[in-house]
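# got a predicted structure here, sequence first:
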Amino acid sequence: MTDRVGQQFGNYQLTQLLGQGHWASVYLGEHRHLHTQAAIKVLHEALAAAEVEGFQGEARTLARLRHPHIVRVLDFGVQEDTPFLVMEYAPGGTLRQLHPKGTRLPLDTVVSYVKQVASALQYAHEQRLIHRDLKPENLLLGPDQEIWLSDFGLAVVSQSARSQPFQQTAGTLAYMAPEQLQGHPTPASDQYALGLMVYEWLCGSRPFEGSVTELMFQQLTKLPPSLHERVPMILAEVEQVVLQALAKDPAQRFASVLAFAMALEEASREEASGQTLPVLASGYSAEAGRRAASLPHLPGGTVTLLFSSIAWLLTCTPKLAAVCRNCV
């Protein structure tokens with residue numbers, strides 16, 4: 001990956017590397033006339049001439065997003081075949097930096113985060129956009145410590161860059177829904193990823209860990225370990241809401257990501273008051289979900305898909321294998 005500090009993209013001079021990912025590097029940039037700061041996302045893959053128009057159209061889609069919890073795209077361009085986006089700069093860093101792995105958060109903090117993220121996702125879903133790479137590293141802190149959802153680049157812009165073999169299932173496997181692993185992401189896939197983050201924030205660890213193949217197997221076939229067993233103070237009502245968002249079948253999750261956020265907030269109120277939460281309208285229960293997701297009852301074709309996917313990964317090129325390792 002080229003270090004581009006000191007280079008100029010559009011009206012911005014790159015002054016500092018902020019972070020790197022599979023698809024792009026993000027730099028702090030200063031406008032050469034206004035002396036204002038912005039985050040400049042420079043994609044790693046150069047564009048062929050035929051791909052430029054597609055990138056520009058999709059970048060315009062991102063630039064039209066207007067929501068208080070989504071990072072704004074201020075400008076974009078292609079310089080020497082290299083596409084770049086100019087975005088708002090989030091001075092507070094990411095939620096992963098604020099809460100390193102292993103950190104447990106109070107339920108009221110989790111609810112606040114979920115309401116902000118769900119509001120942004122609901123808006124994006126209504127614009128027919130699926131994020132597909134939701135994780136703490138892509139949740140930024142704005143000037144007033146508000147949450148900004150970032151990196152819709154994986155969902156939209158990176159599709160214009162030169163394709164890569166793993167792109168159809170790209171993203172962080174630890175937060176990837178089963179249907180997304182099968183190449184069929186839906187808005188419910190973002191709900192699943194948010195549910196995994198809630199699980200991690202509440203107990204300090206992700207429900208699924210391991211190698212690429214182990215993560216794929218667990219995401220497709222295993223239910224998360226009991227939250228209550230890991231943290232006894234978590235009531236069954238809260239766990240029930242989280243497990244519904246983590247149902248293997250997207251149809252068994254909440255009707256929308258906003259409905260998930262509302263259910264979690266209601267469960268937190270019940271926990272605070274010590275009362276019992278009524279059964280969810282869907283009739284979903286943690287135990288029923290646990291039985292339904294047991295391996296003998298897998299949907300037809302899932303086992304075949306799982307092992308074919310594992311076989312594919314084992315035969316991937318060394319370069320792609322490095323990408324796979326970085327996913328986790």
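Nice, thanks for sending it over.
# mind telling me what element the residue nearest the centre of the chain is part of?
In the chain, the C-alpha nearest the mean C-alpha coordinate belongs to Leu134, at 0.7 Å (Cα atoms, centre = their mean). Per DSSP states H and E: Leu134 is located in neither a helix nor a strand.
# does it touch Ala193 like I think?
Yes - using Cβ atoms under 8 Å, Leu134 is in contact with Ala193, at 3.9 Å. Yep, even glycine has a C-beta here, placed from its N, CA and C like the rest.
# shared neighbours, the two?
Counting by Cβ atoms under 8 Å, 6 or more residues apart in numbering, the common neighbours of Leu134 and Ala193 are Tyr175.
# for Asp249, see how far away the residue nearest to the centre of the chain is.
19 Å (Cβ to Cβ, to the nearest Å).
# shaky segments in the chain?
In the predicted model, the chain carries pLDDT under 70 at residues 1, 153-171, 271-328.
# what ranges do the helices span in it?
49-63, 95-98, 107-126, 178-181, 187-203, 212-221, 227-230, 236-245, 257-273, 286-292, 302-314, 318-327 (DSSP state H).
# only C-alpha atoms, please: export the first one in PDB.
Output for helix 49-63, consisting of C-alpha atoms alone and laid out as PDB, is shown next (Å, rounded to 0.1, in the frame of the first residue of the first chain):
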ATOM      1  CA  ALA A  49     -11.600   4.000 -18.100                       C
ATOM      2  CA  ALA A  50     -14.800   2.000 -18.500                       C
ATOM      3  CA  GLU A  51     -15.300   1.900 -14.700                       C
ATOM      4  CA  VAL A  52     -15.000   5.700 -14.000                       C
ATOM      5  CA  GLU A  53     -18.600   6.500 -14.900                       C
ATOM      6  CA  GLY A  54     -19.900   3.800 -12.600                       C
ATOM      7  CA  PHE A  55     -17.800   5.000  -9.700                       C
ATOM      8  CA  GLN A  56     -18.900   8.600 -10.200                       C
ATOM      9  CA  GLY A  57     -22.600   7.600 -10.300                       C
ATOM     10  CA  GLU A  58     -22.300   5.600  -7.100                       C
ATOM     11  CA  ALA A  59     -20.300   8.300  -5.400                       C
ATOM     12  CA  ARG A  60     -23.100  10.700  -6.200                       C
ATOM     13  CA  THR A  61     -25.500   8.300  -4.400                       C
ATOM     14  CA  LEU A  62     -23.400   8.400  -1.300                       C
ATOM     15  CA  ALA A  63     -23.100  12.200  -1.500                       C
END
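# hmm, Ala261 is touching Ser112, no?
No - in this structure Ala261 lies outside contact range of Ser112 using Cβ under 8 Å: 10.2 Å.
# what about the two, which has more around it?
Ala261 (26 against 16; other Cβ atoms under 10 Å).
# skipping adjacent residues, who's closest to the more buried one in space?
Nearest residue to Ala261 in three dimensions, chain neighbours excluded: Ala118, at 3.6 Å (Cβ to Cβ, 6 or more residues apart in numbering).
# look up how far Gln7 lies from that neighbour.
38 Å.
# okay, how far is it across stretch 129-141, tip to tip?
22 Å (Cα to Cα, to the nearest Å).
# one more: stretch 228-247?
With Cα to Cα as the measure, the ends of stretch 228-247 fall 17 Å from one another.
# may I see the buried residues of it?
Within stretch 228-247, the residues that qualify as buried are 230, 234-247, counting by 16 or more other Cβ atoms under 10 Å.
# tell me which of those is nearest to Gln37?
Closest approach to Gln37 among those (Cβ to Cβ): Ala245, at 36.2 Å.
# gap between that closest one and Ser150?
For Ala245 relative to Ser150 (Cβ to Cβ), the value is 21 Å.
# do Asp3 as well
22 Å.
# domain map for this protein?
Per automatic domain parsing, the structural domains of the chain span 8-87, 95-327.
# and the first one, end to end?
Distance between the boundary residues of domain 8-87 (Cα to Cα) amounts to 15 Å.
# if I look at Gly210, how far off is Ala174?
Taking Cβ to Cβ, one finds Gly210 at 9 Å from Ala174.
# between the two, which has more neighbouring residues?
Neighbour tally, Gly210 and Ala174, criterion other Cβ under 10 Å: the higher count belongs to Ala174, 20 against 13.
# measure the more buried one to Asp190 for me?
Between Ala174 and Asp190 the computed distance is 15 Å (Cβ to Cβ).
# same question for Leu264.
15 Å.
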